[in-house]
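>>> I'll drop the sequence and a predicted model, then ask my questions.
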Amino acid sequence: MYYFNLSGLRTFVVVIPFLLNTTRVVISGGPGTGKTSVIKMLEESGFFCFHEIIRSMTSNAKKEGNPEAFVSNPIVSVSNPAEFNEMILQGRIDQFKRLSEVKGRPAFYDRGIPDVLAYMDFFGQSYEDHFVSACKTHLYDTVFLLPPWKEIYVSDNERFESFEEAVQVHEHLERTYRRFGYDIVMVPLTNVEERLAFILNRLKLQ
């Protein structure tokens with residue numbers, strides 16, 4: 001806090017560090033690209049991260065359906081895919097609006113709103129205009145995209161795509177973000193420490 005005199009009056013000005021530089025940063029990528037490891041290291045380094053919504057929703061969807069029916073992403077396996085997509089969309093919009101929780105620091109998002117459209121395009125699903133409007137009205141400042149990396153690709157209980165499908169997801173993600181005018185930053189195929197350094201250097205955070 002500091003003050004200055006104006007016509008004999010003492011005026012106080014409060015300065016909040018980083019507040020004017022608060023930025024929304026998306027970390028996206030197809031399945032198995034190492035995205036989760038990057039997010040985890042960002043958190044361990046003291047940065048604020050909004051977690052991916054789809055994994056917890058996947059677990060809940062599996063409990064409600066027949067586990068044997070899950071041969072791909074639950075977006076096409078749940079009883080009501082449209083409702084499932086709507087929940088993902090609203091969840092990501094809520095995360096976007098919760099920037100006040102960050103208290104002036106950069107906020108990292110594990111996937112952004114355009115990811116919803118990219119996955120729906122991948123599965124050939126139609127969507128209403130408000131899905132597109134959400135992408136146009138909730139704009140992030142920077143988007144980092146992790147490309148497919150066959151050497152580290154593994155499946156797990158919430159990941160159903162083959163590596164070939166993961167490559168297609170990546171293509172849809174890149175196409176969708178560019179559709180909304182983003183200048184995507186590709187993260188190099190290297191260890192997680194170097195990826196973190198690349199991201200922070202690009203954002204001038206170190």
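Looks like it came in fine. Residues are numbered from 1 along each chain as shown.
>>> which residue is nearest the middle of this structure?
Within the chain, the residue whose C-alpha comes closest to the C-alpha centroid is Arg111; the distance, by Cα atoms, centre = their mean, is 1.7 Å.
>>> that one and Arg92 touch, don't they?
Yes. Taking contact to mean Cβ atoms under 8 Å, the distance of 7.1 Å between Arg111 and Arg92 places them in contact. C-betas here are computed from N, CA, C, even on glycine.
>>> overlap in contacts, those two.
Each of Ile53 lies in contact with both Arg111 and Arg92 under the rule Cβ atoms under 8 Å, 6 or more residues apart in numbering.
>>> please list all residues in contact with Val169.
When contacts are counted by Cβ under 8 Å, 6+ apart, Val169 is found next to 30-31, 118-119, 122, 161.
>>> which stretches of the protein form helices?
For the chain, the helices defined by DSSP state H occupy 35-44, 54-64, 81-97, 114-122, 129-137, 163-179, 192-202.
>>> for these, which one sits closest to Ile152?
Put simply, out of the helices of the chain the one that sits nearest Ile152 is helix 35-44, at 9.0 Å, with distance taken as Cβ to Cβ.
>>> give the buried residues for that closest one.
Of the residues in helix 35-44, those scored as buried under the neighbour-count criterion (16 or more other Cβ atoms under 10 Å) are 35-39, 41-42.
>>> do the same with stretch 191-200
Within stretch 191-200, the residues that qualify as buried are 195-196, 198-199, counting by 16+ other Cβ under 10 Å.
>>> looking at those, spot the one nearest Ile88.
Nearest to Ile88 out of the buried residues of stretch 191-200 is Ile199 (Cβ to Cβ; 24.2 Å).
>>> now do the contacts for the closest one.
Taking Cβ under 8 Å, 6+ apart, we find Ile199 in contact with 25, 27, 38, 42, 144, 187.
>>> look up how far Phe180 lies from Phe198.
23 Å (Cβ to Cβ, to the nearest Å).
>>> circling back to that earlier point, most neighbours of all the contacts of Val169, which one?
Gly30 (28 neighbours; other Cβ atoms under 10 Å).
>>> ok so, going back, okay, the contacts of Val169 in TSV with pLDDT and distance to Glu174 next?
As requested, the contacts of Val169 are exported to TSV (pLDDT from 0 to 100; distance: Cβ to Cβ, whole Å):
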residue	pLDDT	distance to Glu174
Gly30	90	10
Pro31	86	15
Ala118	97	8
Tyr119	93	13
Phe122	93	12
Glu161	68	16
